[in-house]
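Asker: Just need the structure, nothing else, for what follows:
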Amino acid sequence: METKLFGLDWDKDALEVVERDGRFFMRYDASAHATVWREDEITAEDAQKIASGRGGTYEVIIALQRRLGLAAYESNWSPPS
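Answerer: Purely as a prediction, here's the structure:
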(Lines give C-alpha, C1' and ligand atoms only; values in the text may rest on other atoms or scores of the structure.)
Protein backbone atom coordinates (compact mmCIF):
# COMPACT_ATOMS: atom_id res chain seq x y z
CA MET A 1 0.00 0.00 0.00
CA GLU A 2 1.28 3.45 -0.90
CA THR A 3 0.42 6.69 0.86
CA LYS A 4 1.22 10.10 -0.58
CA LEU A 5 2.61 12.19 2.27
CA PHE A 6 2.79 15.39 0.30
CA GLY A 7 3.50 16.59 -3.16
CA LEU A 8 2.29 17.25 -6.29
CA ASP A 9 -0.10 18.14 -8.91
CA TRP A 10 1.78 16.73 -11.92
CA ASP A 11 0.74 19.69 -14.07
CA LYS A 12 2.31 22.24 -11.71
CA ASP A 13 4.92 20.60 -9.49
CA ALA A 14 7.79 18.19 -9.92
CA LEU A 15 8.13 16.44 -6.58
CA GLU A 16 6.21 14.19 -4.23
CA VAL A 17 7.01 12.00 -1.24
CA VAL A 18 5.26 8.68 -0.66
CA GLU A 19 5.45 6.01 2.02
CA ARG A 20 5.26 2.40 0.88
CA ASP A 21 5.65 -0.58 3.21
CA GLY A 22 7.25 1.59 5.90
CA ARG A 23 9.82 3.05 3.49
CA PHE A 24 9.92 6.58 2.09
CA PHE A 25 10.41 7.53 -1.55
CA MET A 26 10.85 10.85 -3.30
CA ARG A 27 9.61 11.18 -6.88
CA TYR A 28 10.98 14.11 -8.80
CA ASP A 29 12.23 15.51 -12.08
CA ALA A 30 16.02 15.24 -11.79
CA SER A 31 17.01 17.26 -14.82
CA ALA A 32 17.14 20.92 -15.67
CA HIS A 33 17.03 20.56 -19.46
CA ALA A 34 15.03 17.41 -20.23
CA THR A 35 12.50 15.52 -18.15
CA VAL A 36 14.21 12.76 -16.16
CA TRP A 37 11.76 11.26 -13.66
CA ARG A 38 13.23 9.43 -10.69
CA GLU A 39 11.96 7.61 -7.64
CA ASP A 40 14.61 7.24 -4.95
CA GLU A 41 14.40 5.91 -1.43
CA ILE A 42 14.95 8.45 1.32
CA THR A 43 14.91 8.32 5.12
CA ALA A 44 12.07 9.47 7.35
CA GLU A 45 14.35 12.37 8.35
CA ASP A 46 14.78 13.31 4.68
CA ALA A 47 10.99 13.30 4.25
CA GLN A 48 10.73 15.71 7.20
CA LYS A 49 13.39 17.98 5.66
CA ILE A 50 11.45 18.08 2.41
CA ALA A 51 8.26 18.92 4.30
CA SER A 52 10.05 21.84 5.96
CA GLY A 53 10.39 23.73 2.68
CA ARG A 54 12.61 24.49 -0.30
CA GLY A 55 15.86 24.55 1.69
CA GLY A 56 15.26 21.05 3.02
CA THR A 57 14.22 19.80 -0.39
CA TYR A 58 17.38 21.21 -1.96
CA GLU A 59 19.53 19.59 0.74
CA VAL A 60 17.96 16.15 0.19
CA ILE A 61 18.23 16.34 -3.61
CA ILE A 62 21.91 17.37 -3.47
CA ALA A 63 22.69 14.52 -1.07
CA LEU A 64 20.88 12.05 -3.39
CA GLN A 65 22.79 13.31 -6.41
CA ARG A 66 26.10 12.88 -4.59
CA ARG A 67 25.15 9.39 -3.46
CA LEU A 68 23.91 8.26 -6.89
CA GLY A 69 26.60 9.90 -9.02
CA LEU A 70 25.83 9.87 -12.74
CA ALA A 71 22.89 7.51 -12.18
CA ALA A 72 21.09 10.49 -10.61
CA TYR A 73 20.40 11.75 -14.13
CA GLU A 74 18.93 8.52 -15.54
CA SER A 75 15.19 8.05 -15.45
CA ASN A 76 13.96 5.13 -13.32
CA TRP A 77 10.26 5.99 -12.95
CA SER A 78 7.38 7.53 -14.91
CA PRO A 79 4.41 9.44 -13.53
CA PRO A 80 0.97 7.98 -14.16
CA SER A 81 -0.59 9.18 -17.38
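
Asker: contacts and neighbour counts: CA atoms only from here.
Answerer: Fine.

Asker: does Leu70 count as helix, strand or coil?
Answerer: Using DSSP: H, G, I helix; E, B strand; the rest coil, the structure places Leu70 in helix.

Asker: Tell me the pLDDT of it.
Answerer: If you check Leu70, the pLDDT there is 93.

Asker: count of neighbours near it?
Answerer: As a burial measure, Leu70 scores 9 neighbours (other CA atoms under 10 Å).

Asker: Can you give me the distance of it to Thr35?
Answerer: According to CA to CA, to the nearest Å, Leu70 and Thr35 sit 15 Å apart.

Asker: what is the spatially most central residue of the chain paired to in the beta sheet?
Answerer: What sits nearest the mean C-alpha location of the chain, by CA atoms, centre = their mean, is Met26, with 2.7 Å. Counting by DSSP bridges, Met26 is bridged to Val17, Asp40.

Asker: Might one say that Asn76 is in contact with Glu39?
Answerer: Yes. Between Asn76 and Glu39 there is a contact under CA atoms under 8 Å: 6.5 Å.

Asker: and Asn76, which of the three is it?
Answerer: Relying on three-state DSSP, one would call Asn76 coil.

Asker: Without its sequence neighbours, what residue ends up closest to it?
Answerer: Leaving aside its chain neighbours, Asn76 sits nearest to Arg38 (5.1 Å; criterion: CA to CA, 6 or more residues apart in numbering).

Asker: where's the one you found relative to Leu64, distance?
Answerer: From Arg38 across to Leu64, the span is 11 Å (CA to CA).

Asker: show me the contacts for Ala30.
Answerer: Ala30 sits next to 36-38, 72-73 when contact means CA atoms under 8 Å, 6 or more residues apart in numbering.
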